[in-house]
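[1] Based on what follows, work out the 3D shape:
(3 chains)
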Amino acid sequence: MNEPLIEFSNFTFKYRAQKKPTLTDISLRIFKGEKILIAGPSGSGKSTLGSCLNGLIPFNNPGTITGELLIGGKKPESVFSLGVSVGTVLQDTDAQFVGLSSGEDIAFSLENLAVTQNEMKKRVQKAAKLVEASGYLTHSPQRLSGGQKQRVSMAGVLIDNAPILLFDEPLAALDPLTGKYATALIDEIARDTGCTIIIIEHRLEDVLWKHIDRVIVLDNGRIIADAPPDEIVVSEKLDKIGLRRPLYVTALERAGVSVMPGSNPGRIETLRLSNGDKEKLRLWAKAVTQPPFENASKSETSKNKEEPPEKEAQENTPLLDIKNVGFTYDETGTAALRDVSFKLYPGEMTAIVGANGAGKSTLAKLIVGFETESAGTICYNGEDMSDFTIPERAERIGYVMQNPNQMICKPMIFDEVALGLRVRGFPESEVAERVERVLDVCGLSRFVKWPISALSYGQKKRVTIADALVLNPQIIILDEPTAGQDYKHYTDIMEFLAQLNCRGVTVLLITHDMHLCLEYAKRAIVFSDGRLVADRQTYELLSDPALAKKASLRETSLYELARLCGIDDAKVLIKAYLSGFGADNTAGRGI
Amino acid sequence: MNFNIKRIVATAIGAAVFFLLARFVSIPIFANTNLTLQYAVLGFFAAVFGPIVGLLIGLIGHALTDLAFGWGIWWSWVIASAVVGLLAGFIMKAGKVEDGIFGKIDAVRFVIGSLIVHAVSWGVVAPCLDILIYAEPADKVFVQGLIAGAGNFVFTAIVGTLLLLGYSKTRVKPESLE
Amino acid sequence: MALFGYIPRNSQVHRLTGATKLIFTLALSIAAMITFDTRFIAFVIALSIILFAISKVRLSELKAVLVFITIFLVINNVAIFLFAPEHGVMIYGTRHELLRISGRYALTYEQLFYQLNVTLKYFAIVPVALIFFLTTEPGEFASSLNTIKVHYKIAFAVSLAMRYIPDVQRSFREISQAQQARGVDISKKASLKARVGGILTILFPLVFSSLDKIEMISNAMELRGFGRLKRRTWYSARAFSKWDFAVITVSLLCVGLSVLTLIVNGGRFYNPFTNPF
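    Presented below is the predicted three-dimensional model:
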């Protein structure tokens, strides 16, 4: 009775530039009205699968296909005929936004179909209403936030009435809270339109908090699992391929609770636990946090890490001392930062968190000297920095941008890293020695003769970190170091930073990645609307839902798990989770 | 040649970069004389995407620059820029650089080609338009054109070649990736 | 948006469609290019001034063009005189000397009249495009071009260029800050060589990250059906009113009038020296 809407049979695809196929022997059926999540690590072929659905493959990106793909019972003929039946929201909202205003962009596909202007206006209104974007139809893209741009993109796709909607990594560019709204919005669209929804994403937990019918897991170009979320989240296959399972599942398993599909673990809202299991978790949390925590605090105190840094204030000069700093944009007169004060001590690894536009990047720009504070002072090692130039500051504080492609300017790794020294006129012998040392620290020595274009994204990221480190700064500031990375690459980058931190480099992370804060930063400084609203231990932040919301972080699912199991103080559970994590990784550190 | 979507977008992005460099980035060398880089980028885009894209980048980029400066449109120079883009598009064989091929001979070809292109545009097209439109005296406009053309050529030859070299290295050849 | 001086005001010129203003701009430019008839060029300048007045654009907002043309024309007039002091004599075929300077340089009425014509021509041709630019919403540009029969793909490329200029500008600023942090100096303090090298460290990532963008944007456009049909409609287009037709008629008449001067004057130049006023 039920014909599949999409049917892959023994489908294999090889890109023209590749030797090996990217997708191998895919057999998959998707039915009308289903809501599917396609998950997999970077390079697993999940985006390639998406491109096959919307026709970019093979029509724009040639390659060899064997096997068959049918959409609505027909073979795809061109990108466009597919484009109409498979509406695609691409990952990069800036690339998808081609209009000079939101309204124009939403109307784009209708313009291409030569629809009359009257009808266009009506349909734009309707589509904008559906995604709650009616308030900014005349705005230019530069005036919109990432979340708003994504809404416009969604409206621009919905306007076609396509029966299938494909979302390619919809959460990658969004802060966690906005990501949460996006997932909810997709869920609403599914219900309102009855469309078949396909979401490609590696952030499993963030998608699964709303209903999903099936999860398809790809690894190495093959489907390794195709099952409902309840089964997927308990599958050990995920760990092996480097996909992160929901935190609450990991916590339960660490506590020795065997989570079965029958207890509906796909979403925390549907999870059912027996009283025995709840008790097990409570006991585990207690057991893990009490004795080892004492140990930990002993060993940590010697490193001045665990205790709030304020207590050390008398003994230690802060490396960075931000005093009552404010910043106002000249052109608009709007205050981006107001009365911000905090101290950063040597050896810290600290996160600055907050929603987009809360002022975190502005603060980083003030510290490295791209902008000048309109009030207050910034001291480095007790010395007022206001007379320091940008290059002078760079010798003390390294700054690494989010996108490595915007920093790299030489074709060869050695020359790239050497640039900062050469422009400072160091003799070539010293340049060579220092570059080699830094490349060694960054694990890039064996690539020294390679062109940078041959490196992966994560390796390029390391190159840009090396760019900063070669000047021997005491502090390194990283803007969203893990944005858009899957769990494996995320772990690689963060472990590398943790290692640098162990070598004595103070690390300041600007991020809205909750996991990153939780697992790597001991201290979190929270910004909201240009003000510093909190400065505390990370686990405290994440167990305070009101504060987490201010920081535009999602409250962690551990918080809900604690509530479910009757643990009054969620901190205990989060701490227990963290200690387990730390133990796992001390062994793993040392790449 | 097929003016496909990729070329349309290349035109737009190329014009945006041309605009940015012309409007905001100049290296003052001495009083009132600036070195500008937009013709290097124009030569690069034309070599990669072909003559039509080159023509349009020169036309759109230069016209938008003039307008954004609030200068009105200086047609003879706008058209000369378009001619630079058009002719530069014929220097390299279509699609060759995109496939990652740019050797020494190609570099020499690009430099000599650029010399001819700029000589024609600034030494012939722009002055002739000035004579035609404004009936300006011939020797004045030719001297003026050659001075402008020389600077534009030097930058196109050096920076354009480096850009092409860098770009060709980022391109992947078929079946080359494991 | 400050970058593209669109000045939103409520005026009859603003209410004209972009296409009308574009036709007016092109027609007047061409008309003023064709002929050297002083009377006609003065008429074209008067028309532009009237339109600027109606458009409620303030004189201060035209400062850039006026200052720039003035400076350019001072230099240009000096240069013309230095290179070809007898050009006017050659054109008009008579020689009425006003002032003897020295050597081959002498001031003649013919030269003065010729240089007056050149000056007027620049004022007639160069600023008129600003009427279109300052009074038309950027969103309407593409449809305006398309209306005057520019292929919609090219028209859209113009709109797309304007869409991405602020993005390219932002990424230029970010790249340049990151490179400065590494010690690259592009300020006037640095030597010329260091400055050129510094600009290149910014230009390379800028161009290559722009190329990455091309791929993504063209995919996005193709997925949404761009280029599929022979024509397309425009969300931001506006309907013609009787004023539009009136302005277009005047514009076309100007071109006609310009051609007429060629016939009346028997050439491009109006010659007051042989046919006295």
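
[2] From here on, just use CA atoms for contacts and neighbour counts.
    OK.

[3] For the lengthiest helix in chain B, C-alpha coordinates in PDB please.
    As assigned by DSSP state H, the longest helix anywhere in chain B is helix B:5-24. The C-alpha coordinates for helix B:5-24 follow below in PDB (Å, rounded to 0.1, in the frame of the first residue of the first chain):
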ATOM      1  CA  ILE B   5      25.200  30.000 -12.700                       C
ATOM      2  CA  LYS B   6      28.800  29.500 -11.400                       C
ATOM      3  CA  ARG B   7      30.000  32.200 -13.800                       C
ATOM      4  CA  ILE B   8      27.200  34.600 -12.700                       C
ATOM      5  CA  VAL B   9      28.200  34.100  -9.100                       C
ATOM      6  CA  ALA B  10      31.900  34.500 -10.000                       C
ATOM      7  CA  THR B  11      31.000  37.800 -11.700                       C
ATOM      8  CA  ALA B  12      29.200  39.000  -8.600                       C
ATOM      9  CA  ILE B  13      31.900  38.000  -6.200                       C
ATOM     10  CA  GLY B  14      34.600  39.200  -8.500                       C
ATOM     11  CA  ALA B  15      32.900  42.500  -8.800                       C
ATOM     12  CA  ALA B  16      32.500  42.700  -5.000                       C
ATOM     13  CA  VAL B  17      36.200  42.100  -4.500                       C
ATOM     14  CA  PHE B  18      37.200  44.500  -7.300                       C
ATOM     15  CA  PHE B  19      34.900  47.100  -5.600                       C
ATOM     16  CA  LEU B  20      36.400  46.500  -2.200                       C
ATOM     17  CA  LEU B  21      40.000  46.900  -3.400                       C
ATOM     18  CA  ALA B  22      39.200  49.900  -5.500                       C
ATOM     19  CA  ARG B  23      37.200  51.600  -2.800                       C
ATOM     20  CA  PHE B  24      39.000  50.900   0.400                       C
END
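
[4] I'd like the distance between the residue lying closest to B:Phe18 once chain neighbours are set aside and B:Leu20.
    Among residues not flanking B:Phe18 along the chain, B:Gln38 sits closest, at 4.9 Å (CA to CA, 6 or more residues apart in numbering or on different chains). Counting by CA to CA, to the nearest Å, the separation of B:Gln38 from B:Leu20 is 8 Å.

[5] which residues of the chain score low on pLDDT?
    All of this is about chain A. A:1, A:80-84, A:290-315, A:331-332, A:580-591 (pLDDT under 70).

[6] Please refer instead to chain B.
    B:1-2, B:26-35, B:172-178.

[7] Please enumerate the strands of it.
    Counting by DSSP state E, chain B has these strands, from start to end: B:27-30, B:33-35.

[8] Check the gap between the residue nearest to B:Phe18 and B:Ala68 for me.
    15 Å.

[9] Looking at these two, which has the bigger crowd around it?
    Neighbour totals were compared for B:Gln38 and B:Ala68, and B:Gln38 leads with 27 against 22 (other CA atoms under 10 Å in any protein chain shown).

[10] That one reaches B:Gly14, doesn't it?
    No - using CA atoms under 8 Å, B:Gln38 makes no contact with B:Gly14, being 9.6 Å away.

[11] dump the residue contacts of the most centrally placed residue in chain B.
    Nearest residue to the geometric centre of chain B (CA atoms, centre = their mean): B:Leu42, 3.1 Å. Residues near B:Leu42 by CA atoms under 8 Å, 6 or more residues apart in numbering or on different chains: B:14, B:18, B:54, B:57-58, B:85.

[12] The same query, at a cut-off of 10 Å, please.
    Applying CA atoms under 10 Å, 6 or more residues apart in numbering or on different chains, one finds that B:Leu42 lies in contact with B:14-15, B:17-18, B:48, B:53-58, B:61, B:81-82, B:84-86, B:88-89, B:156, B:160.

[13] and for B:Gln38 and B:Gly14, which residues touch both?
    Joint contacts of B:Gln38 and B:Gly14 (CA under 10 Å, 6+ apart) are B:20, B:44, B:58, B:61.

[14] Please list which of those are also close to chain C.
    Residues of the shared contacts of B:Gln38 and B:Gly14 in contact with chain C (CA under 10 Å from any CA of the partner chain): B:20, B:44, B:61.

[15] quick one: strands adjacent to the longest strand anywhere in chain C?
    Determined from DSSP E, the single longest strand within chain C is strand C:97-102. For strand C:97-102, the paired strands and their directions (DSSP bridges) are strand C:105-108 (antiparallel).

[16] for the strand it pairs with, which positions count as buried?
    C:107-108 (16 or more other CA atoms under 10 Å in any protein chain shown).

[17] What of stretch A:434-449?
    Taking 16+ other CA under 10 Å as the criterion, stretch A:434-449 shows A:434-439, A:441-445, A:447-448 as buried.

[18] Name the nearest of those residues relative to B:Ile112.
    A:Val448 (34.3 Å; CA to CA).

[19] Contact partners for B:Gly85?
    Counted by CA under 10 Å, 6+ apart, B:Gly85 has contacts B:39, B:41-47, B:50-59, B:79, B:117-118, B:121.

[20] Could you report the distance from it to A:Ile241?
    Taken as CA to CA, the span from B:Gly85 to A:Ile241 is 49 Å.

[21] now A:Asn275
    33 Å.

[22] Could you check which of those two has the larger neighbour count?
    Taking other CA under 10 Å, A:Asn275 and A:Ile241 do not tie; A:Ile241 has more neighbours (18 against 10).

[23] what about stretch A:153-162 and chain C, any contact?
    Yes - Stretch A:153-162 lies within reach of chain C by CA under 10 Å from any CA, at A:156-157, A:160.

[24] List just the nearest of these to A:Lys365.
    Distances from A:Lys365 to the residues of stretch A:153-162 next to chain C, taken by CA to CA, are shortest for A:Gly156, at 34.8 Å.

[25] My guess is A:Pro176 contacts A:Asp513. True?
    Yes - between A:Pro176 and A:Asp513 there is a contact at 6.9 Å, judged by CA atoms under 10 Å.

[26] Now for those two: what residues contact both?
    Contacts common to A:Pro176 and A:Asp513, judged by CA under 10 Å, 6+ apart, are A:552-554.

[27] got a winner among the residues you listed for most neighbours?
    A:Leu553 (27 neighbours).

[28] Was I right to think that residue contacts A:Leu547?
    Yes - using CA under 10 Å, A:Leu553 is in contact with A:Leu547, at 8.7 Å.

[29] okay, and the common contacts of those two?
    By CA under 10 Å, 6+ apart, the residues touching both A:Leu553 and A:Leu547 are A:Leu541.

[30] Nearest to chain C among the shared contacts of B:Gln38 and B:Gly14?
    Closest approach to chain C among those (CA to the nearest CA): B:Leu20, at 6.5 Å.

[31] count of residues packed around the closest one?
    20.

[32] what's the spacing between the residue nearest to it when sequence neighbours are not counted and B:Ala22?
    Nearest non-adjacent residue to B:Leu20, counting by CA to CA, 6+ apart: C:Gln169, 6.5 Å away. Shown here: C:Gln169 relative to B:Ala22, a distance of 12 Å by CA to CA.

[33] With that, I have no additional questions.
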